[in-house]
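> Show me how the following folds:
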Amino acid sequence: MKKELLIFVLCSMLFTQLPGFANSGIDTYSTRQTVIIRGSEQHSAQRNLFPAQVFLMGHLLTAESLDFESDFKITITNMSTGEVVYEQTYNASTKYTTIDLGTEETGEYKIELSSANWQLYGDFSL
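Residues are numbered from 1 along each chain as shown. Predicted coordinates:
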């Protein structure tokens with residue numbers, strides 16, 4: 001009897017938590033914002049119109065590279081101070097890059113993505 005009661009209590013606890021787990025995935029996904037990026041006019045002869053995509057979820061910025069032929073650089077600048085808060089070069093095989101901006105202050109930022117073949121930029125808010 002005690003064994004059956006213990007199993008019942010454990011199952012009840014598990015089932016009461018399941019809706020919370022399901023909603024956490026939905027809430028997290030719905031907070032993802034696409035950062036609108038544009039191409040530089042000086043690189044207008046680019047072969048691929050959108051060689052990268054950028055998403056922001058809270059303080060995490062994710063860049064997805066769609067061009068695997070050249071290395072690329074990501075630069076993030078605080079618009080109010082003009083300070084470069086992040087700059088890193090990645091090799092051509094890097095598909096996803098996640099940058100934690102949790103230590104940066106709230107405000108407007110500019111992201112620049114560039115390679116030998118293309119240059120993109122966009123603005124976002126933290």
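> Report the contact partners of residue 77.
Contact analysis of residue 77 by CB atoms under 8 Å, 6 or more residues apart in numbering lists 83-85, 109-110, 112. C-beta here means a position set from N, CA and C on the backbone, and glycine is covered the same way.
> In the sheet, which residues pair with it? Tell me.
residue 84, residue 110 (DSSP bridges).
> Neighbours of residue 107, how many?
11 (other CB atoms under 10 Å).
> Check it and give its pLDDT.
Looking at residue 107, its pLDDT stands at 94.
> Touching, it and residue 124? I think so.
No. Using CB atoms under 8 Å as the test, residue 107 is too far from residue 124 to be in contact (10.1 Å).
> Tabulate the contacts of residue 77 (a markdown table), appending distance to residue 62 and neighbour count.
Shown next, in a markdown table, are the contacts of residue 77 (distance: CB to CB, whole Å; neighbours: other CB atoms under 10 Å):
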| residue | distance to residue 62 | neighbour count |
| --- | --- | --- |
| 83 | 22 | 10 |
| 84 | 19 | 12 |
| 85 | 16 | 15 |
| 109 | 14 | 22 |
| 110 | 17 | 15 |
| 112 | 16 | 17 |
